[in-house]
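>>> Sequence and predicted model, in that order:
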Amino acid sequence: MVTVVTHPLVQHKLTLMRDERTGVKEFRELAGEVSLLLAYEAMRDLDLAQERLRTPIVEDDFPVLSGKKLALVAILRAGLVMTEAIVDLVPAAKVGHIGLYRDPQTLAPVAYYNKLPADIADRRVFVTDPMLATGGSASAAIRSLKDAGAQGGNITLMCILTAPEGIAVIERDHPDVRIVTAAVDSHLNDHGYIVPGLGDAGDRIYGTK
Ligand SMILES: O=P(O)(O)OC[C@H]1O[C@H](OP(=O)(O)OP(=O)(O)O)[C@H](O)[C@@H]1O
Ligand SMILES: O=c1cc[nH]c(=O)[nH]1
Ligand SMILES: [Mg+2]
């Protein structure tokens, strides 16, 4: 299932990210802001329980988060900027890291790091990567989460921008995983970049080009 967050704030900030004139500092800030807004939607169905407490006025029951604990899992490098923003919203979440880069020739994901919370199987997992292009990186990351015991139904993939090709790969490989994104763009170009896209997210976040 794909959820596109059409909120005007998200769409406006995404347009600023697409603009080639947007510099590193602003791009990084925008990526964090959009991530928070995507998290607001992605976490809409978190369980609540009633807790009894006293306000300064009366005693009553009030909602608190309950149910499964959360994990945020960043696909390095670019996904880091998303988890770092979102963890402020859910400070009790544990954070995992999956290091993958996309081989520029073959576009296949190359794994170089994996550190996940030991109890990942018992958590709701929010995987972050700004870009879902061919889908190879996200599919491999979700595979390693499932190998570590996470259930597909407990995994949400959060991407700022997606391509139809990447969505098709996730729906084929991991039909039980939900995708939350700000936009589904037109297609991939011959180099596997999203069109119209926003360029190379990692390079724009870290200024490496
Ligand atoms: O869907 P795919 O075709 O796999 O492409 C998307 C991947 O490419 C980018 O990472 P990149 O390989 O540039 O690594 P980086 O984050 O370290 O820059 C992006 O952040 C995704 O992880
Ligand atoms: O358009 C794209 C595709 C893959 N990775 C990016 O950062 N951008
Ligand atoms: Mg990159």
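Cool, the structure landed. Residues are numbered from 1 along each chain as shown. Ligands and ions are numbered 1, 2, ... in the order given.

>>> so which residue of the protein comes closest to ligand 1?
Gly202 (2.2 Å; C-beta to the nearest ligand atom). The C-beta positions use only the backbone N, C-alpha and C, and glycine is treated the same way.

>>> Could you list which residues are in contact with that residue?
Gly202 sits next to Arg77, Ala78, Thr208 when contact means C-beta atoms under 8 Å, 6 or more residues apart in numbering.

>>> Weed out the non-buried ones from these.
Of the members of those, the ones counted as buried by neighbours, 16 or more other C-beta atoms under 10 Å, are Arg77, Ala78.

>>> out of the contacts of Gly202, who's near ligand 2?
Subset of the contacts of Gly202 in contact with ligand 2: empty, counting by C-beta under 6 Å from any ligand atom.

>>> ok, of the contacts of Gly202, which one's closest to ligand 2?
Taking the contacts of Gly202 together and measuring to ligand 2 by C-beta to the nearest ligand atom, the closest member is Ala78, at 6.3 Å.

>>> Quick check: the closest one touching Asp129?
Yes. Between Ala78 and Asp129 a contact is recorded at 6.3 Å, counting by C-beta atoms under 8 Å.

>>> quick check, Gln11 in a helix?
Yes. With the criterion set as DSSP: H, G, I helix; E, B strand; the rest coil, the secondary structure at Gln11 is a helix.

>>> could you check the distance from it over to Asn154?
In this view, Gln11 and Asn154 are 29 Å apart by C-beta to C-beta, to the nearest Å.

>>> Where do the helices of this structure begin and end?
According to DSSP state H, the chain carries its helices in the segments 8-18, 24-42, 80-86, 136-147, 164-173, 201-206.

>>> and the ones you listed, which is most packed in?
Most buried of the helices of the chain by mean neighbour count (mean count of other C-beta atoms under 10 Å) is helix 80-86; its value is a mean of 23.

>>> hmm, who's touching that helix?
Against helix 80-86 from outside (C-beta under 8 Å, 6+ apart): 28, 31-33, 35-36, 38-39, 72-74, 93, 95, 97, 126, 128-130, 158, 160, 205.

>>> Could you rerun that using 10 Å?
27-40, 42-43, 70-75, 93, 95-97, 126-130, 158-160, 201-202, 205-206 (C-beta atoms under 10 Å, 6 or more residues apart in numbering).

>>> Pull the distance from it to the chain's centre.
Here the centre of mass of C-alpha atoms in helix 80-86, compared against the chain's by C-alpha atoms, centre = their mean, to the nearest Å, lies 9 Å away.

>>> tell me the contacts of Arg77?
His97, Gly99, Leu100, Tyr101, Asp129, Ala201, Gly202, Asp203, Ile205, Tyr206, Thr208.

>>> let's go with 8 Å and repeat that
Tyr101, Gly202, Ile205, Tyr206.
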